[in-house]
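J.: quick one: sequence and predicted model below, then my questions.
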Amino acid sequence: SGGSLEEPLGVVHTVASLAAGAQAITEPLQGGLGGPVVAQSWYAALAAFAVGKPLLVPKRSGRALARQIRRAKPSHCYLSPAQWRAVLTAGGAPTGQAHVGPGPVSEALLRRLLDAGADETWAWFGMAETGPVALRRGVGSDAAADLPLGTLLQGVTARVDAGELVIGGASVAPRNMEGD
């Protein structure tokens, strides 16, 4: 896990849990937008393959990633908030849809992406243990959800138990590396 637990653990997904997570984010990739997908997430990569889009793995530095986006003109870019900030700082601009996640995403970053040229923004929330959990499309009063993290994706459940967020659904990893 990437820090959603007090003591990070490796998680073990199944084909079914990976497929459920990828299916949850396939909808934004469908439609008339051409061009490749830039993504590092397993879920975004699987979703791109499922709809027949070419996949480019993002370059590491902000400058190189900004150049990659400018040259490839991807229809969809799935990048972390830190990667998008590095692209913008390097003078880069999004093309097509700018997807940001998997953690909480600020309104300010979504607005910067729109101002820099994104057709639309999608903020994703997810964890290594669960894959995509919630989606927030757009910013401000145009946002699809009133919740800060977005609307739960179909098939995902969430509750707070003793102050801890408990997520359920088909995309949840059935166990961690220790077998729990």
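T.: Here it is on my side, so go on.
J.: which residues in this structure form helices?
T.: With helices called from DSSP state H, the chain shows them at 15-24, 42-50, 62-72, 81-89, 107-116.
J.: quick one: low-confidence parts of this structure?
T.: 1-9, 31-33, 139-149, 179-180 (pLDDT under 70).
J.: isn't V105 right up against A123?
T.: Yes. If you go by CB atoms under 8 Å, V105 and A123 touch, sitting 3.9 Å apart. Every residue, glycine included, has its C-beta placed from N, CA and C.
J.: shared neighbours of the two, anything?
T.: Common contact partners of V105 and A123 (CB atoms under 8 Å, 6 or more residues apart in numbering): R136.
J.: and the helices of the chain as CSV, adding mean neighbour count and distance to V156?
T.: Below are the helices of the chain laid out as CSV (neighbours: other CB atoms under 10 Å; distance: least, CB to CB, whole Å):
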stretch, mean neighbour count, distance to V156
helix 15-24, 19, 8
helix 42-50, 21, 13
helix 62-72, 17, 30
helix 81-89, 19, 21
helix 107-116, 17, 22
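J.: between the ones you listed, which one is nearest to G131?
T.: Smallest distance to G131 across the helices of the chain (CB to CB): 2.7 Å, for helix 15-24.
J.: who has more neighbours out of V105 and A123?
T.: Applying other CB atoms under 10 Å to V105 and A123 shows that A123 carries more neighbours, namely 30 against 25.
J.: how close does the more buried one sit to P54?
T.: 24 Å (CB to CB, to the nearest Å).
J.: could you do V38 as well?
T.: Noted for V38: a distance of 10 Å to P54, by CB to CB.
J.: who has more neighbours out of those two?
T.: The neighbour comparison of V38 against P54 (other CB under 10 Å) goes to V38, with 28 against 12.
J.: against K59, how distant is the more buried one?
T.: Relative to K59, V38 is positioned 9 Å away (CB to CB).
J.: now do the shared contacts for these two.
T.: Q68.
J.: tell me which of the helices of the chain lies nearest to E164.
T.: Closest to E164 of the helices of the chain is helix 15-24 (CB to CB; 20.4 Å).
J.: now the closest one - C-alpha only, PDB.
T.: This file holds the C-alpha atoms of helix 15-24, laid out as PDB (Å, rounded to 0.1, in the frame of the first residue of the first chain):
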ATOM      1  CA  VAL A  15      -7.600 -10.900 -12.000                       C
ATOM      2  CA  ALA A  16     -11.200 -10.200 -10.900                       C
ATOM      3  CA  SER A  17     -10.300  -7.300  -8.600                       C
ATOM      4  CA  LEU A  18      -8.000  -5.700 -11.300                       C
ATOM      5  CA  ALA A  19     -10.700  -6.200 -13.900                       C
ATOM      6  CA  ALA A  20     -13.300  -4.600 -11.700                       C
ATOM      7  CA  GLY A  21     -11.000  -1.600 -11.000                       C
ATOM      8  CA  ALA A  22     -10.200  -1.100 -14.700                       C
ATOM      9  CA  GLN A  23     -13.900  -1.400 -15.600                       C
ATOM     10  CA  ALA A  24     -14.700   1.300 -13.200                       C
END
